[in-house]
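Trainee: model this:
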Amino acid sequence: MTTAVSETGSPPPPGPLTRAKRSFDTHWYAWAMVLPVVVVLAVLVGYPLGRGVYLSFTDANEANVGRTIGVNHIAATYKSVGLDNYWKVLSGQEGHFYSRLGWTVVWTTSCVLLHYTIGLGLALLLNRPLRFRALYRVLLILPWAVPAFVATFSWRLMFNEKYGVFNAFLNTLGIDPVDWLGDSTLQKVSAVAVNVWLGVPFMMVAILGGLQSIPKELHEAAEMDGATPWQRFRHVTLPGLRPVSGTVILLGVIWTFNMFQVIYLLIGQGASSESEILVTYAYRLAFQGVRDYAGSATYGILILSLLLVFAVFHRRTLARQEATR
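Mentor: Prediction:
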């Protein structure tokens, strides 16, 4: 029996199936450990994602999906429409996508920028010798420990036009109460403020870990060379934080882009079309009014696609920066 060889005289490299079989034979116990997690992810993530992709190519809505009423079962009558749903959204016929996409991008950019800037400042303070530093760390991490829906409802009470803390403070200054959650512009400002309060602790903790991983010798050497504090921050601290910064910014963008609970729970049914982000509008399509499951699924797939494109672009940018260092 002969074995095929390449032009160089060596046997060809094994194919993917052969490599997978060898890996399974060698590390079968590791595959067995991972299998339950894979099954759970397939059920909780894979099936809903596949179902959403399928519905985005149909005209499924509340009137034509299959349902059971008492003992009677009504069969589904929705049909495939190809790429019509995507065309309606992306061509502007649906009328809401680009305006909400613009606000979603502004919302995400402003929140992540404030998260990182404030988190970096607090991390720099906590990285220095400071009395009661441990206490300050606990107090600053507290917003992260509180469930997001609890914190959001607490802020909603504070923003209340009649009984809120902020308007009570304005009254003591002789200023008329402000309808924080009634005006579209103030809705946006309030939502950004709440999300920043919720997101800063994570950034602070992550960046603090990055600061503590930078060798002190680098700062000492720069100081001995006569570098100013700003120069040490710019040429030592920021480059040392680049791996951590890239990861937390990517996570921050993904989480903030999909930050459903802050927008929906803070503003609730009073959210104007100008203050809704893409994910809250997708939810409203599926669960309010005449339920448009196909439209909601289309928005969901577009949101996933946008985040995937950003993640790939972001990681490639970081890789190019690392290669040029």
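Trainee: quick one: low-confidence parts of the stretch 151-300 of the chain?
Mentor: Low-confidence segments of the stretch 151-300 of the chain, defined by pLDDT under 70: 269-273.
Trainee: 80 - rerun?
Mentor: Low-confidence segments of the stretch 151-300 of the chain, defined by pLDDT under 80: 268-274, 289.
Trainee: any chance you could map the helices in it?
Mentor: Remark: helices assigned in the stretch 151-300 of the chain by DSSP state H, counting those that start in this stretch are 165-172, 184-213, 216-224, 229-232, 238-240, 242-257, 260-267, 278-287, 293-324.
Trainee: buried sites along the second one?
Mentor: Which is helix 184-213. Neighbour counts using 16 or more other C-beta atoms under 10 Å place 187-188, 190-208, 210-211 of helix 184-213 among the buried residues. (Each C-beta comes from the backbone N, C-alpha and C, glycine too.)
Trainee: Quick one: list the elements packing against it.
Mentor: In terms of contacts (3 or more C-beta pairs under 8 Å, 6 or more residues apart in numbering; DSSP states H and E), helix 184-213 is packed against helix 97-126, helix 133-145, helix 148-158, helix 238-240, helix 242-257, helix 260-267.
Trainee: Off-centre distance for the longest one?
Mentor: Its chain's C-alpha centre and that of helix 97-126 lie 11 Å apart, by C-alpha atoms, centre = their mean, to the nearest Å.
Trainee: Just the buried residues of that helix, please?
Mentor: Here helix 97-126 shows 97, 100-101, 103-104, 107-108, 110-112, 114-116, 118-120, 122-123, 126 as buried, counting by 16+ other C-beta under 10 Å.
Trainee: ok, now the fourth one?
Mentor: Buried residues in helix 238-240, counting neighbours by 16+ other C-beta under 10 Å, are found at Gly240.
Trainee: Outside of it itself, list whatever touches it.
Mentor: Under the contact criterion C-beta atoms under 8 Å, 6 or more residues apart in numbering, helix 238-240 has outside partners 210-211, 213-214, 218, 245, 325.
Trainee: okay, the residues you listed in CSV with distance to Asn171 next?
Mentor: What follows is these, written out as CSV (distance: C-beta to C-beta, whole Å):
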residue, distance to Asn171
Gly210, 44
Leu211, 42
Ser213, 48
Ile214, 48
Leu218, 53
Ser245, 42
Arg325, 55
